[in-house]
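**Q** Sequence and predicted structure are below.
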Amino acid sequence: MKRLILSIVAITITAFSVNAQDISKNALGLRLGDNDGLGAEISYQRHLNDNNRLEFDLGWRDSNNFDVVKIVGLYQWVMPIDNNFNWYVGAGAGFGSYDANEVDGTFALLAGDIGIEYNFDIPLQLSLDFRPEIGFDDDYSDDVDFDIALGIRYRF
């Protein structure tokens, strides 16, 4: 009888752990994409509840005649596909500042996000996402930009 109860408990725990969605409390890493000429971004994700999280991305470029800093915040809805695969959609906004060829200023943007991610059994997450951004500024970012990026994050 004890073996039967232990077996049922073990099967129940295994079933819940396999079907449970795996959103880590925190994830920190890099988002490697075009980022409107900025390149890689430092990316941080924060778990909110079972299927929602926040993502913050910080990108910058420092060169001889072109300096830009940009931060984007996104609210994401995460849905499981199969085992460790999830897909997500999100929306958010951002702002930044630039100094380009003796012209400096600030800009704002609205962003969307759609992607797929894989959470390994070790604390590693890989993602691929598409993020269109609509910029609001007269000089630097006054158009629609499309960014595809690979994310590599440490989950903790």
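**A** Perfect, I can see it now.
**Q** Show me what the helix or strand hosting residue 28 pairs with in its sheet, parallel or antiparallel.
**A** If you go by DSSP states H and E, residue 28 is part of strand 26-33. According to DSSP bridges, strand 26-33 has the following sheet partners: strand 41-49 (antiparallel), strand 144-155 (antiparallel).
**Q** and the residue nearest to residue 76 when sequence neighbours are not counted, what is it in contact with?
**A** Distances taken as CB to CB, 6 or more residues apart in numbering place residue 90 nearest to residue 76, at 3.6 Å, with adjacent residues excluded. Every residue, glycine included, has its C-beta placed from N, CA and C. Residues near residue 90 by CB atoms under 8 Å, 6 or more residues apart in numbering: 55, 74-77, 112-114.
**Q** Name whatever forms a beta bridge with residue 90.
**A** Beta-bridge pairing for residue 90 (DSSP bridges): residue 76, residue 113.
**Q** any idea how far residue 67 is from it?
**A** 28 Å (CB to CB, to the nearest Å).
**Q** Isn't residue 106 up against residue 95?
**A** Yes. Proximity of residue 106 to residue 95 meets the contact threshold set by CB atoms under 8 Å, at 6.7 Å.
**Q** These two: which has the busier surroundings?
**A** Neighbour tally, residue 106 and residue 95, criterion other CB atoms under 10 Å: the higher count belongs to residue 95, 16 against 13.
**Q** which SSE is the more buried one in?
**A** In this assignment (DSSP H and E), residue 95 forms part of strand 85-100.
**Q** What are the buried residues along that strand?
**A** For strand 85-100, the buried set under the neighbour-count rule, 16 or more other CB atoms under 10 Å, comprises 86, 88, 90, 92-96, 98.
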